[in-house]
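*Asks:* Output the structure for:
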Amino acid sequence: MSKFTSILARTFLQCRPMTNVSTKNMNMLSLMKSNSNPINRLAILSISDFNKRHKSSATSSLADKELATFLQDEIENETKSMETKATSPTFEGFNTELKDAKVILTKKSGKESFKVIFNVNNSLDNNSEEEYSEQKNVSDNKSNEDVELGSPISKPTYTIELEKNGQIMAFYCSFAEEGSYEDGNQSSPDSAGYSDLYRIDEISIYQNEYTDDSYSVTCDLLDEQMYEKLFNMLEDRGLGNEFASKLAEFSTAYEHKLYVNLLSKIKNFISS
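*Replies:* Residues are numbered from 1 along each chain as shown. Below is the predicted model of the structure:
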């Protein structure tokens, strides 16, 4: 290509309309032309970036400050509530091991070892939570009156393991819903009108530890007399209704303690 032809080609390209360039790109090209100096372009980008970050930081700081203030009030209120109840109910003869939300109770009696395992996460009873919410609404509407509030009750599912000679018999239990027992075995009222606090949902027996191959059976399928005898078996070992009541008391206090601790951790996190 001759020198003259090359000059004509470049002139044609410069005069050709930029039909495929978007408005955004045109603005960028205009910005680059007016700021051909690299230092000027860097300054413009830095100022824009600073404004965005500063606005985001200011908004975040305000939200964090409001949350921290709210959490401080919530922690004080929950701590006062915690002081009015037992923080660590004990089980006579049981050793207690706490692993965050997980609780393990152990006991040895003769040739048998007992282990009770439960987790307080998502254990608050729905009925007690609804009742608590209703009472709190009444309290909020009657600020000048002294209204005593109830508290949500922790009713976790729990596993009882009876171990003897390497054999483990496991009972998978849950708390009975108040006023809603069905015909059949579980938590039905007896002839005196008494109903059990808990029910046995499932049983299994295995060597050393439970695996996916271990067989278990739901208690819905058991004969009523057999189910009652299983209940009596736990009752004789001090793992019946009285134990279930103490477990709910312990779990409620411990769950509340973990909740207050969580609020403190959140406050410390956003304040750091």
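*Asks:* Start from the N-terminal end of the chain and give the helices.
*Replies:* Listed in chain order, the helices found in the chain under DSSP state H are 3-15, 23-34, 38-83, 126-141, 224-236, 241-271.
*Asks:* pLDDT (mean, whole number) over the longest one?
*Replies:* Same thing as helix 38-83. Per-residue confidence for helix 38-83 averages out to 70 on the pLDDT scale.
*Asks:* Ok, stretch 222-230 next?
*Replies:* Confidence over stretch 222-230 (mean pLDDT, whole number) is 94.
*Asks:* can you dump the C-alpha coordinates of it into PDB?
*Replies:* What follows is the C-alpha trace of stretch 222-230 in PDB, where atoms were taken according to Å, rounded to 0.1, in the frame of the first residue of the first chain:
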ATOM      1  CA  LEU A 222     -45.800 -51.500  69.000                       C
ATOM      2  CA  ASP A 223     -48.400 -53.300  71.100                       C
ATOM      3  CA  GLU A 224     -49.900 -51.000  73.700                       C
ATOM      4  CA  GLN A 225     -48.800 -53.300  76.600                       C
ATOM      5  CA  MET A 226     -45.300 -53.500  75.300                       C
ATOM      6  CA  TYR A 227     -45.200 -49.700  75.000                       C
ATOM      7  CA  GLU A 228     -46.300 -49.300  78.600                       C
ATOM      8  CA  LYS A 229     -43.700 -51.700  79.800                       C
ATOM      9  CA  LEU A 230     -41.000 -49.700  78.000                       C
END
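*Asks:* In contact with Leu197, which residues?
*Replies:* With contacts defined as Cβ atoms under 8 Å, 6 or more residues apart in numbering, the neighbours of Leu197 are 175-176, 187, 241, 244-245, 248. C-beta coordinates here come from the backbone N, C-alpha and C atoms, glycine included.
*Asks:* Check the spacing between it and Ile266 real quick.
*Replies:* Computed with Cβ to Cβ, to the nearest Å, the distance linking Leu197 and Ile266 is 34 Å.
*Asks:* do Val217 as well
*Replies:* 43 Å.
*Asks:* Compare the two and say which one has the larger neighbour count.
*Replies:* Regarding Val217 and Ile266, a neighbour count based on other Cβ atoms under 10 Å identifies Ile266 as having more, with 15 against 11.
*Asks:* ok, now which ones touch that one?
*Replies:* The neighbourhood of Ile266, defined by Cβ under 8 Å, 6+ apart, consists of 67, 71.
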